[in-house]
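Colleague: build me a structure from this.
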Amino acid sequence: MNESDSTPRIGQIVLINKGRDAGQFAVIIQHIDERFVLIADGDKRKFDSPKKKNIQHLTCYDYVSMEVQNSLMEAGRVTNGKLRWALGKFVEEELDVLEKGDSFDGERRCN
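Modeller: Sure thing, here's the model as predicted:
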């Protein structure tokens, strides 16, 4: 999983760095211009009310959800459930790779 230097793509997973939603992941659902994109996560930010974000305030990952991208290209919209599923899949598959190198094994629980 690397940060991408290329222009953001529809369906690409991003990490929000600035603003109220800092530290959360979202999916790019539309390009506005060379500086701004619309993002949604299917939970707090639904597809029908996406957040306009400056690209400089986002960390773009080399991970594009083909399901979200295909849905947007074919139907012009995507379900909130599909956005949540894509983000969950990204966190499960890609972030697990990072955690494998850490001392945290994901099995600890507080009782």
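Colleague: C-alpha only now, for contacts and for neighbours.
Modeller: OK.
Colleague: quick one, strands of this structure?
Modeller: Using DSSP state E, the strands of the chain run over residues 12-16, 25-31, 36-40, 51-54, 58-64.
Colleague: please identify the pairing partners of the shortest one and their relative orientation?
Modeller: The one in question is strand 51-54. In its sheet, strand 51-54 lies beside strand 36-40 (antiparallel), with partners assigned from DSSP bridges.
Colleague: report the angle between the strand it pairs with and strand 25-31.
Modeller: Strand 36-40 and strand 25-31 meet at an angle of 130 degrees, taking axes from the mean of the first three to the mean of the last three C-alpha atoms, to 10 degrees as the criterion.
Colleague: what angle do strand 36-40 and strand 58-64 make?
Modeller: Counting by the same axes, to 10 degrees, strand 36-40 points 70 degrees away from the direction of strand 58-64.
Colleague: who touches strand 36-40?
Modeller: With contact meaning C-alpha atoms under 8 Å, 6 or more residues apart in numbering, strand 36-40 is reached by 26-32, 45-47, 49-55, 83.
Colleague: what's the answer for stretch 83-97, then?
Modeller: By C-alpha under 8 Å, 6+ apart, the residues outside stretch 83-97 that reach it are 1, 13, 25-27, 40-43, 63, 65, 67-68.
Colleague: list the buried residues for the longest helix along the chain?
Modeller: Among the elements of the chain assigned as helix by DSSP state H, the one spanning the most residues is helix 80-100. Residues of helix 80-100 classed as buried under the neighbour-count rule (16 or more other C-alpha atoms under 10 Å) are 80, 82, 83, 84, 85, 86, 87, 90.
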